[in-house]
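1. no FASTA, just this:
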């Protein structure tokens with residue numbers, strides 16, 4: 001997917017260069033700065049994400065917002081263009097939200113059910129740590145400590161959980177909630193990870209590069225939220 005996204009963005013930039021060059025040489029006259037040209041900064045990235053990303057509903061909603069704003073600037077909706085645009089955007093949000101709920105209900109996969117069952121079995125042990133970041137940041141690093149599970153909440157903030165040097169004696173659970181924020185979970189290469197995701201306009205991504213399915217122990221991650229993201233990696237991200 002990353003390769004496809006790079007190709008699409010590369011072709012878009014090449015097209016932009018051809019347009020500028022053609023205008024400069026007088027080969028054609030294509031006006032990039034039409035009324036509402038700024039909406040392309042919403043429409044184009046959303047269209048690319050819709051094609052390349054796994055999470056489709058947030059990209060679909062953002063694309064719809066960009067198109068509606070462009071139509072409003074062009075006065076397609078008449079004298080009350082902006083009033084109508086606001087109502088259409090609300091309708092698009094409700095449609096995307098409804099489709100997401102239906103999709104999650106109908107197409108629940110085997111992995112989700114397995115994670116749910118494991119969470120019910122493990123969370124009763126009440127040995128889970130907690131990590132909360134509300135309008136702030138939170139970092140938790142396990143250094144040769146035994147990890148027995150964690151609850152992470154990030155609301156308008158960011159939380160990092162580093163388990164690369166943690167000790168594992170059994171399967172564990174991480175329950176993560178992310179709203180308008182981000183959570184980064186770093187895990188050892190030898191530990192398996194299974195994810196159950198329930199995001200609205202956001203998602204969880206496993207960014208590990210090595211072999212991820214041969215560990216002795218498994219971390220079951222139950223994550224949910226909206227307008228945010230959770231990433232699972234085995235390396236420190238460059239900032």
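-> In hand now; what should we look at? Note that the structure is a prediction, hence the values are computed from the model and not measured.
2. C-terminal to the lowest-mean-pLDDT helix or strand in the chain, which secondary structure element comes first?
-> Within the chain, no helix or strand scores below helix 110-123, which has a mean of 63 by mean pLDDT, DSSP states H and E. On the C-terminal side of helix 110-123, the nearest following helix or strand under DSSP states H and E is strand 129-134.
3. Was I right to think residue 12 contacts residue 44?
-> Yes: using Cβ atoms under 8 Å, residue 12 is in contact with residue 44, at 6.5 Å. Glycine gets a C-beta too; all of them are placed from N, C-alpha and C.
4. sec struct for residue 183, please.
-> Secondary structure, DSSP: H, G, I helix; E, B strand; the rest coil: residue 183 is strand.
5. what about the strands in this protein?
-> 129-134, 137-146, 150-155, 158-167, 172-179, 182-186, 192-200, 203-206, 218-226, 229-233 (DSSP state E).
6. Ok, which of these comes nearest residue 68?
-> For those, proximity to residue 68 was assessed by Cβ to Cβ; strand 192-200 is nearest, at 19.6 Å.
7. who does the closest one pair up with?
-> Here strand 192-200 has these sheet partners by DSSP bridges: strand 218-226 (parallel).
8. what's the angle between the strand it pairs with and strand 158-167?
-> Note on geometry: by axes from the mean of the first three to the mean of the last three Cα atoms, to 10 degrees, strand 218-226 and strand 158-167 are set 180 degrees apart in direction.
9. Give me the distance between strand 218-226 and the centre of its chain.
-> 13 Å (Cα atoms, centre = their mean, to the nearest Å).
10. So for that strand, mean pLDDT?
-> Average pLDDT, strand 218-226: 83.
11. now do stretch 38-46
-> Mean per-residue pLDDT for stretch 38-46: 82.
12. Next: stretch 7-22.
-> Mean predicted lDDT for stretch 7-22 stands at 75.
13. what about it, distance to the chain center?
-> Chain-centre distance of stretch 7-22: 27 Å, with Cα atoms, centre = their mean.
14. quick one: furthest residue from the center of the protein?
-> For the chain, the largest distance from the centre (Cα atoms, centre = their mean) belongs to residue 26, which lies 43.0 Å off.
15. if I look at that one, how far off is residue 160?
-> Per Cβ to Cβ, to the nearest Å, residue 26 is found 54 Å from residue 160.
16. To residue 50, which of the strands of the chain lies closest?
-> strand 203-206 (13.5 Å).
17. Quick check: buried residues in the closest one?
-> Residues 203-204, 206 are the ones in strand 203-206 that count as buried (16 or more other Cβ atoms under 10 Å).
18. who does that strand touch, helix- and strand-wise?
-> If you count contacts as 3 or more Cβ pairs under 8 Å, 6 or more residues apart in numbering; DSSP states H and E, strand 203-206 packs onto strand 192-200, strand 229-233.
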